[in-house]
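Asks: Based on what follows, work out the 3D shape:
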Amino acid sequence: MKFKDLHPPILELAPGQTFHRVQLTRARKTSVRINGLLLAPTGLQAGRFCLPSEATAYLADSEHTALYESIFRRDVHSRSLDDLARKSLVTFATKGRLRLADVRALAEPYPVLQAQRIAITQGFAQECRAQQLDGIVYASAQHPLHACVALFESGMAQVKKVSSLPLVKPGSRQLLTCVTDAARRSGIPLVDFADMES
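Replies: Numbering: from 1, shown residues only. Here you go, the predicted model:
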């Protein structure tokens, strides 16, 4: 699947766009930190559009999409409150223009764009980077009719952190309203291991 074969339209996003992401509240020693983004170490290539030599950040068009993509995925059977308590919902705004390959309309004719065959999509991401693009906008595999973006380092340079809210209020078991709603809508139970031990 080559860039020249797909020939995706190039979307130019103006500044002031809002995106959301679930990430660790506290960085690990190995975390890559860019403009408020806490990312996995470069080179792990665990995500669909990860590059081998620079970090890739995944963000979503809504709070719910970010939660479905990261926490309440279709293949998940339950989630622990302890895991949620280590994460935050972070909102970012673009401060500069972004040039993105738009593959949203290609998800239907090319199911590989949403498949687990990530070597193919990672190769496509490398071609997008070679085209001097800032990232890729793609259809969410977890939240129909919604979109996500994968930003390369040039794209991450154009975002700023606006807010960060812990998924679980510190010192309590109180969840953010959108987390409760996403858990209910996804049908994924939340498990409190502290209750199981007592």
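Asks: host element of D181?
Replies: helix 177-186 (DSSP states H and E).
Asks: Would you enumerate the residues in contact with the residue most central in space within the chain?
Replies: Central residue of the chain (Cα atoms, centre = their mean): Y58, 3.1 Å from the mean position. Applying Cβ atoms under 8 Å, 6 or more residues apart in numbering, we find Y58 in contact with R21, G47, F49, E69, C148, V149, A150, L151. Using the backbone N, CA and C atoms, a C-beta is placed for each residue, glycine as well.
Asks: Please apply the same query to R99.
Replies: I10, L11, E12, Q132, L133, D134.
Asks: same thing but 7 Å
Replies: Counting by Cβ atoms under 7 Å, 6 or more residues apart in numbering, R99 makes contact with I10, E12, L133, D134.
Asks: Serialize those to JSON lines and add fields for neighbour count and pLDDT.
Replies: Listed next are the contacts of R99 as JSON lines, based on neighbours: other Cβ atoms under 10 Å; pLDDT from 0 to 100:
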{"residue": "I10", "neighbour count": "11", "pLDDT": "97"}
{"residue": "E12", "neighbour count": "10", "pLDDT": "97"}
{"residue": "L133", "neighbour count": "21", "pLDDT": "98"}
{"residue": "D134", "neighbour count": "26", "pLDDT": "98"}
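Asks: Quick check: strands, which of those residues are part of them?
Replies: Using DSSP state E, the subset of the contacts of R99 located in strands is I10, E12.
Asks: Averaged pLDDT, stretch 21-40. What do you get?
Replies: On average, the pLDDT along stretch 21-40 is 94.
Asks: Actually, stretch 140-150.
Replies: Summarised as a single mean, pLDDT over stretch 140-150 is 94.
Asks: got the buried residues for that stretch?
Replies: S140, A141, Q142, H143, H146, A147, C148, V149, A150 (16 or more other Cβ atoms under 10 Å).
Asks: okay, the strand or helix carrying L89 in CSV with CA atoms only?
Replies: If you go by DSSP H and E, L89 is part of strand 87-94. What follows is strand 87-94, C-alpha atoms only, in CSV (Å, rounded to 0.1, in the frame of the first residue of the first chain):
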residue,chain,number,x,y,z
LYS,A,87,-4.2,8.4,33.5
SER,A,88,-5.6,11.8,32.5
LEU,A,89,-7.7,13.1,29.7
VAL,A,90,-5.7,15.9,28.1
THR,A,91,-7.0,18.5,25.7
PHE,A,92,-4.8,20.1,23.0
ALA,A,93,-5.3,23.0,20.6
THR,A,94,-3.4,23.6,17.4
